[in-house]
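*Asks:* Here's a sequence, model it:
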Amino acid sequence: MTTIFGLSGSLRRGSFNAGLLRAAAELAPASAAIKVGSIRDVPLYNADEEAAHGIPQAVQALKASLRAADGLLLVTPEYNNGIPGVFKNAIDWMSRPASDIAGLFGGKPVAILGASPGGFGTVLSQNDWLPVLRTLGTRHWFAGRLLVAHAGSLFDQEGDLIDEGIRERLRAFIAGFVDFIEGR
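*Replies:* Numbering: from 1, shown residues only. Next comes the predicted model:
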């Protein structure tokens, strides 16, 4: 069984991106499972806090889930044409201490997708992740791209994906990412 660790970069109740991640977990092929993580309890990164208290428990849990997974799925919103600060903060914490980067992120297959109420989806945020993921040494899946635009009409009030066309595109996206992880 291929395991994928999925993170949404939004803290909002009813988040389109959290809903997209839940739908991805539901639509994953039978040969794969997506474990949904949360960045909700990750504090703001502060090197003084790290030096005084070490890695917070919430971050240790994220790192353990990523270490156990075969791949990483980042479901990113786009705020002000870029990566949401809370999402980048969580990944920054996960990269601490720096000596853990190679063992945690090095060569890890990663895919990015995202939803936005705007007309361009999350194209700029997804692009902004590339130098971060390159620095961490991940193995990015470039064959697939899913930019969900006009998300307000595709999700219900609870943030669940209700558009069948996007659900089918998401199903194909996740299947392609699983194939990439499995070397097909």
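
*Asks:* shouldn't A151 be in contact with G114?
*Replies:* No. With contacts defined as C-beta atoms under 8 Å, A151 does not count as touching G114, sitting 9.1 Å away. (C-beta placed from N, C-alpha, C; glycine too.)

*Asks:* what about the two, which has more around it?
*Replies:* Under the neighbour definition other C-beta atoms under 10 Å, A151 and G114 were set side by side, and G114 has more, 28 against 24.

*Asks:* which non-adjacent residue is nearest the residue nearest the centre of the chain?
*Replies:* For the chain, the residue sitting closest to the mean C-alpha position, by C-alpha atoms, centre = their mean, is L74 at 1.4 Å. The shortest distance from L74 to any non-neighbouring residue, by C-beta to C-beta, 6 or more residues apart in numbering, is to I112 (4.8 Å).

*Asks:* Tell me the bridge partners for the residue nearest to the centre of the chain.
*Replies:* L7, I112 (DSSP bridges).

*Asks:* how far away is it from E49?
*Replies:* Remark: distance between L74 and E49 (C-beta to C-beta, to the nearest Å) = 24 Å.

*Asks:* And the strands in the protein, which stretches?
*Replies:* Taking DSSP state E, the strands of the chain run over residues 2-8, 32-36, 71-75, 109-115, 139-140, 146-148.

*Asks:* Dump these to CSV, plus distance to H53.
*Replies:* What follows is these, written out as CSV (distance: least, C-beta to C-beta, whole Å):
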stretch, distance to H53
strand 2-8, 23
strand 32-36, 26
strand 71-75, 26
strand 109-115, 29
strand 139-140, 32
strand 146-148, 38
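
*Asks:* Would you confirm that G106 contacts G137?
*Replies:* Yes. Counting by C-beta under 8 Å, a contact exists between G106 and G137, whose distance comes to 4.2 Å.

*Asks:* burial measure for the closest residue to I83 other than its chain neighbours, as a count.
*Replies:* Beyond its immediate neighbours in the sequence, the residue positioned closest to I83 (C-beta to C-beta, 6+ apart) is D128, lying 4.8 Å away. As a burial measure, the neighbour count of D128 was computed by other C-beta under 10 Å and equals 17.

*Asks:* Let's see the pLDDT reported for the residue of the chain most remote from its centre.
*Replies:* Most distant residue from the mean C-alpha position of the chain: A52, 28.9 Å away (C-alpha atoms, centre = their mean). At A52, the model reports a pLDDT of 98.

*Asks:* try L146
*Replies:* Per the predicted model, pLDDT is 96 at L146.

*Asks:* Next, the contact list for the closest residue in space to it that isn't next to it in sequence, please.
*Replies:* With C-beta to C-beta, 6+ apart as the measure, L113 is the residue that lies nearest to L146, at 3.9 Å, once sequence neighbours are left out. Contacts were defined as C-beta atoms under 8 Å, 6 or more residues apart in numbering; by that measure L113 touches 20, 24, 73-76, 122, 126, 145-148, 170, 173.
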